[in-house]
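> Whatever this is, show me its structure:
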Amino acid sequence: MPSNLASLHRLVAVLFLGFASGLPLALTGQAMQAWLTVDGVDLATIGFLGLVGIPYTFKFLWAPLMDRFEPPFLGRRRGWLVLTQLALAAMLYLMSGLSPAAAPLPFAAAAVLVAFLSASQDVVVDAYRTDVLEARERGLGASMSVFGYRVAMILSGGISLIWAEQWGSWGQVYQVMAAIFLVAAVVSLLTLPRVSAALKPLASAPGRELLGFVAMLAGVLVGAFAARALLIGLGLDPDDANKWIQLLFIMASIAAALPLGYWAARRAGFETLNRSLDSFLLQPGAIAFLVLIVLYKLGDAFAGVLTTPFLIKGLAFTQAEVGIVNKIIGIWLTIFGALAAGAIMLRISLYKALLVFGILQLLSNFGFYVLAVLGKGAWGGFTLPPFDLGFVAIDTPQHIDTLLMSVIAFENVTGGMGTAAFVALLMSLCNHRFTATHYALLSALAAVGRIYVSPLSGVLSEAIGWPAFFLFSVAAAVPGIWMVWRMRAAITGLNGNKETKT
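Here you go, the predicted model:
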């Protein structure tokens, strides 16, 4: 009985942390996009503000520090959880008092800090889940984590839109989210089970680790500024009204920053990062797998990154209707898709799952093209009666567009299926000696599509219109499917190698 209670304690902790991990994503993503849209911010600027999510793609850089250092008195994993959750509460409260239209730079800075803290919390949650669960609990623990994550997205990405319309204030919504994280920090401090005392930080010189980290950051900054200076030297203006020129400056800075940062980390001896990267890159087919990870969800990212502005501004759906269909019903359908994929994957190989689910994801993007061409009301609609669930209520009947509902349903079910197969791929690629840093690296690369297509999406949608934009998103999904087919032998071989990655 004590063993069963301990197991239940660990699984409930993983469920709770899944919720805490999923809550901030929409607050710097689609919920923030809705706030920007109703505040009158132009579409191209909304696209560029999608770059506030950049920390999600760079979190593997500081993940080794969270592996190496232990906050005093609080415990290795639990300490970082408490600190990041308290900081998230403070930054969300600060963000709630800012206006994106009146103070765009402070608002963007606060959003970047929220994304940084959220990405840091993700690193610790992934490591904690790996450390605290016993081998026999990992399958159920993963399901609990995904369930908590998706419920949080329903709250921050769906119910928040309904609250914002009912309360008439996005600031008040963000204050509620700040209060939730304050409670989360207390729960983490008082209730989370400790990880095994045998899981000690890596034995490396602390001073050398910090010096290596600082050197890496210096390399990143020098690379970014050098690329910017080069473009200015070529006669380009970073403040040019042409959004394509602005986009070139951003992409060139990133392309120069990462290699120079990596070189600096090597030279300065950032041992934890260097050993983790070496252990992954020395695997057969490592580079090809990295390319696959970036490309597999690229079409999904193009279609999804501006979905909220498209529905609210492009087709004039209300915030409440978008919140109900796209964020509440839609996310439950994503959960259903993930569960269905799990059942199917018991009978088919990982390669077949990635291929079939990837093709279904591509077809779901075509649904948005149909919606853009036919428009609102093309298939009629139905009325959703008022309801009160305690935490959210609809006081008046809400009209639900049938075509919108159909497109979102198909997109979320297939998206959930693709995500399930994709997470299975990431787990298969992790070396368990460096799980925290490897998972941070792989999940950061998986976020590349979502983050870096955002500015391109905003510019592209304004330049070519919504129908052509969604056709482009269909085309963007093809390379990922081709990579799956090309790497079919390597993907099939992952199951055989799984036991050796210890």
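> Tell me which residues of stretch 218-234 come out buried.
Using 16 or more other CB atoms under 10 Å as the test for burial, stretch 218-234 gives Gly219, Val220, Gly223, Ala224, Ala227, Arg228, Leu231. The way it works is simple: take the backbone N, C-alpha and C, and place the C-beta from them, glycine included.
> From the residues you listed, pick the one nearest Ala463.
The shortest gap between Ala463 and any of those belongs to Leu231, at 21.2 Å (CB to CB).
> quick one on the thing from earlier: and of the buried residues of stretch 218-234, the nearest to Asp126?
Checking those one by one against Asp126 (CB to CB), the nearest turns out to be Val220, at 22.8 Å.
> On the secondary structure side, give me the element for the closest one.
Per DSSP states H and E: Val220 is located in helix 206-233.
> Repeat that for Ile400.
strand 398-401.
> so where do the strands sit in this protein?
381-384, 387-388, 393-394, 398-401 (DSSP state E).
> what's the most buried one of these?
strand 398-401 (a mean of 18; mean count of other CB atoms under 10 Å).
> Output the contacting helices and strands for that one.
Packing partners of strand 398-401 (3 or more CB pairs under 8 Å, 6 or more residues apart in numbering; DSSP states H and E): helix 319-322, strand 381-384.
> what would those look like in JSON lines with mean pLDDT and distance to Ser145?
JSON lines is the format used below for the helices and strands packed on strand 398-401 (pLDDT from 0 to 100; distance: least, CB to CB, whole Å):
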{"stretch": "helix 319-322", "mean pLDDT": "80", "distance to Ser145": "27"}
{"stretch": "strand 381-384", "mean pLDDT": "80", "distance to Ser145": "31"}
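> so which of the ones you listed gets nearest Ala90?
Among those, helix 319-322 sits nearest to Ala90 (CB to CB), with 27.1 Å.
> before we move on, the earlier item: output the helices and strands packed on strand 398-401 as CSV; include the columns distance to Val176.
Listed next are these as CSV, based on distance: least, CB to CB, whole Å:
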stretch, distance to Val176
helix 319-322, 16
strand 381-384, 24
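> Ala265 is in contact with Ala218, correct?
No - look at Ala218 against Ala265 with CB atoms under 8 Å: they stay out of range, at 10.1 Å.
> before we move on, back to that, show me the contact partners of the strand holding Ile400.
Phe317, Ala320, Glu321, Ile324, Val325, Lys376, Gly377, Trp379, Gly381, Phe382, Thr383, Leu384 (CB atoms under 8 Å, 6 or more residues apart in numbering).
> Off-centre distance for it?
29 Å (CA atoms, centre = their mean, to the nearest Å).
> Show me what the helix holding Val220 is packed against.
Against helix 206-233 (3+ CB pairs under 8 Å, 6+ apart) you get helix 55-68, helix 243-268, helix 271-281.
> Go through those and pick out the most buried.
Note that of those, helix 55-68 is the most buried (mean count of other CB under 10 Å), with a mean of 23.
> what's the angle between it and helix 206-233?
Here helix 55-68 points in a direction 160 degrees away from that of helix 206-233 (axes from the mean of the first three to the mean of the last three CA atoms, to 10 degrees).
> Return the member of the buried residues of stretch 218-234 nearest to Gln33.
Closest approach between the buried residues of stretch 218-234 and Gln33, by CB to CB: Ala224, at 25.5 Å.
> wait, that closest one sits on Pro259?
No - counting by CB under 8 Å, Ala224 sits too far from Pro259 to count as a contact (11.4 Å).
> Run a quick neighbour tally on Ala13.
By the measure other CB atoms under 10 Å, the count of residues near Ala13 is 22.
> I meant Leu190, not that one.
There are 9 residues near Leu190, going by other CB under 10 Å.
> Pull up the gap between it and Ala446, please.
Going from Leu190 to Ala446 by CB to CB, to the nearest Å gives 33 Å.
> Quick one, which of the helices and strands packed on helix 206-233 gets closest to Val294.
helix 55-68 (9.9 Å).
> Pull the residues that contact the closest one.
80, 112, 115-116, 118-120, 122-124, 127, 201-202, 204, 206, 209-210, 213, 216, 220, 261, 270, 272-273, 276, 436-437, 440-441, 443-445, 447-448, 450-452.
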